[in-house]
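In: For reference, the sequence and a predicted model appear below.
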Amino acid sequence: MSESKKISDAELEIMKVIWESGSSLLFAQIVEALAVKGIAWQKNTLITLLSRLMDKGYLKADKCGRKNEYIPLVTEQDFQVTQTRNFVDRIYKGNVSGLINRLVENDMLTETEYSELKKILEVDKWKKR
């Protein structure tokens with residue numbers, strides 16, 4: 001997935017609904033799941049957003065009788081990795097420590113998050129390579 005395949009906040013809401021389901025969803029199921037989140041788009045708006053996600057390679061649609069079943073082609077984890085990498089490259093010129101410094105210096109981490117980060121950094125991941 002490249003930077004040119006950015007998705008809008010609205011498209012991301014749809015992807016979150018599909019990822020949270022753990023599988024594919026029919027159109028009506030997407031409408032219902034969005035409604036639970038307080039999102040009630042017009043049918044044509046949702047069809048347009050789903051079409052854009054398919055054009056960008058995030059979803060595919062299979063016919064299930066007269067209905068479309070929307071299947072994710074990108075996992076949430078892969079999306080997060082790509083978006084994080086793009087963010088760090090764009091904002092911090094690829095310097096992850098710059099991001100971490102900003103989080104720490106500006107008290108953007110809770111004590112629990114800071115402790116978790118320390119544990120992650122203490123793991124000797126590099127010896128495993």
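Out: On my side now, so go ahead.
In: now the top helix by length along the chain, how far from the chain's geometric center?
Out: Longest helix in the chain by number of residues, with DSSP state H as the criterion: helix 76-92. Here the centre of helix 76-92 is set off from its chain's centre by 10 Å, with Cα atoms, centre = their mean, to the nearest Å.
In: How about that helix, which residues are buried there?
Out: Using 16 or more other Cβ atoms under 10 Å as the test for burial, helix 76-92 gives 79, 82, 88. Bear in mind the C-beta positions are built from the backbone N, C-alpha and C, glycine included.
In: quick one: average confidence on that helix?
Out: With pLDDT averaged residue by residue, helix 76-92 scores 95.
In: quick one: contacts of the lowest-mean-pLDDT helix or strand in the chain?
Out: Using mean pLDDT, DSSP states H and E, the weakest-scoring helix or strand in the chain turns out to be helix 111-122, at a mean of 89. The contact list for helix 111-122 (Cβ atoms under 8 Å, 6 or more residues apart in numbering) reads 100, 104, 109.
In: ok, now stretch 36-44?
Out: 10, 13, 17, 31, 34, 49.
In: Widest-spaced pair of those?
Out: Between any two of those, the greatest separation by Cβ to Cβ is 13.8 Å, found for 10 and 31.
In: is it possible to export the contacts of helix 111-122 to TSV including secondary structure, pLDDT and distance to residue 62?
Out: Conversion of the contacts of helix 111-122 to TSV gives the following (DSSP: H, G, I helix; E, B strand; the rest coil; pLDDT from 0 to 100; distance: Cβ to Cβ, whole Å):
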residue	secondary structure	pLDDT	distance to residue 62
100	helix	91	42
104	helix	89	46
109	coil	92	43
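In: Out of those residues, which comes closest to residue 93?
Out: Among the contacts of helix 111-122, and counting by Cβ to Cβ, the member closest to residue 93 is residue 100, at 14.2 Å.
In: Contact partners for the closest one?
Out: Residue 100 neighbours (Cβ under 8 Å, 6+ apart): residue 117.
In: let's see 10 Å
Out: 92, 109, 117, 121 (Cβ atoms under 10 Å, 6 or more residues apart in numbering).
In: now, which of the residues you listed sits nearest residue 6?
Out: residue 92 (18.1 Å).
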